[in-house]
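> Using only what follows, build the 3D model:
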Amino acid sequence: MSRERIFVGGFGGSGTRVVQRILQRAGYAVGTVNEFFDWYGMDFVPIFDAWYFQRGRSRGLREFMETNLPEASFSVKVGLLMYCIPELREWFPGCKFVYVFRNPWDQMSNDYHLHARYGGLPVDAPLLEKVKYWCRVSEPAMKSADLCVNLEELVATPHAVVRRILCLAGVEDTPGTYVDIIERPETMGRAQDFYHLISELDEPQQQWLLGLYGVTNG
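Residues are numbered from 1 along each chain as shown. Predicted structure coming up:
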């Protein structure tokens, strides 16, 4: 099977690092904003922000990525790329995108502030408002992604989820080789006292989230 060009994205703390480690063990040259290309050192975030806030009119992001990514197979974990999946498909024909997510109540209880930087919310916005933003971003990202990896499912049934990741990556290997990478985060279930707030979401978001999880907790 042929190797792919794979992008891995999602909100901070969703489990993208675990997926990246699986791909790395599978033989992929991997990178993040902290390594591989040292994207932070190369001012990646300002380049991305110029693209995001100009609604794609800036060519800087495309030029930066085309210049710094190899032509051959690779896997790059940059959470912010969940905002530009359609553009990635245009810039890198045939590429794959993996969207990693977890229970949004737990997810949005962390110290990452994408809801403020890109969602126009206060940093200390109520958890319910942050979850609404998570839904607005996650639903289209999941529809556009080639594979969605749910952290709770990865922890509960690692062999099945790893098998899907390897299949997408074009790797024939035994899932059991990778399960030691997967650990249950201590933060899983940390926001369970707020799970009942799903009833206060907008009706479409509520139904989508219930359909996604089937239940209101992780």
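
> Tell me where the protein has strands.
5-9, 30-32, 74-77, 96-101, 147-150 (DSSP state E).

> Please enumerate the helices of this structure.
Using DSSP state H, the helices of the chain run over 16-25, 44-53, 60-68, 85-91, 104-107, 114-117, 127-144, 151-156, 158-169, 203-213.

> so which of the ones you listed comes closest to residue 190?
Between residue 190 and the helices of the chain, the shortest gap by C-beta to C-beta is with helix 104-107, which sits at 5.6 Å. Heads up, the C-betas are built off the backbone N, CA and C, glycines and all.

> Quick check: residue 8 vs residue 19, distance?
5 Å (C-beta to C-beta, to the nearest Å).

> Quick check: neighbours shared by those two?
77, 98, 100 (C-beta atoms under 8 Å, 6 or more residues apart in numbering).

> isn't residue 23 right up against residue 173?
No. Residue 23 is beyond contact range of residue 173, at 11.4 Å (criterion: C-beta atoms under 8 Å).

> Neighbour count: the two, which is higher?
More neighbours surround residue 23 than the other of residue 23 and residue 173, with 25 against 14 (other C-beta atoms under 10 Å).

> Residue 211: neighbour count?
The burial count for residue 211: 8, using other C-beta under 10 Å.

> do the same with residue 5
Using other C-beta under 10 Å, residue 5 is surrounded by 20 other residues.

> show me what contacts it?
69, 73, 74, 75, 92, 94, 95, 96.

> Minimum pLDDT in those, which residue is that?
Lowest pLDDT within those is found at residue 73 (76).

> Show the backbone phi and psi for that residue.
phi -70, psi 150 (degrees, to the nearest 10).

> That one and residue 26 touch, don't they?
No. Between residue 73 and residue 26 there is no contact under C-beta under 8 Å: 10.7 Å.

> Which one's more surrounded, those two?
residue 26 (20 against 15).

> Below-threshold pLDDT in the protein: ranges please.
When residues are selected by pLDDT under 70, those of the chain lie in 1-3, 29-42, 56, 214-218.

> quick one: contacts of stretch 180-196?
Taking C-beta under 8 Å, 6+ apart as the rule, stretch 180-196 contacts 13, 15, 18, 21-22, 25, 102-103, 105-106, 108-110, 127-128, 151-152, 154-155, 158, 162, 216-218.

> ugh, wrong one, stretch 151-170
Contact with stretch 151-170 is made by 1-4, 6, 14-15, 18-19, 22-23, 26, 28, 75, 96, 98, 100-103, 146-147, 149-150, 172-173, 175-176, 178-179, 182-185, 188, 218, as judged by C-beta under 8 Å, 6+ apart.

> quick revisit: buried members of the contacts of residue 5 into ChimeraX, please.
Selection of buried members from those for ChimeraX, criterion 16 or more other C-beta atoms under 10 Å:
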select :69,74,75,92,95,96
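
> Redo the contacts of residue 5 as a markdown table? Include distance to residue 198.
As requested, the contacts of residue 5 are arranged in a markdown table below (distance: C-beta to C-beta, whole Å):
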| residue | distance to residue 198 |
| --- | --- |
| 69 | 39 |
| 73 | 40 |
| 74 | 38 |
| 75 | 33 |
| 92 | 36 |
| 94 | 38 |
| 95 | 34 |
| 96 | 31 |
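
> Looking at the contacts of residue 5, which is nearest residue 55?
Of the contacts of residue 5, the one sitting nearest to residue 55 (C-beta to C-beta) turns out to be residue 92, at 20.3 Å.

> Having no further points to raise, I will conclude here.
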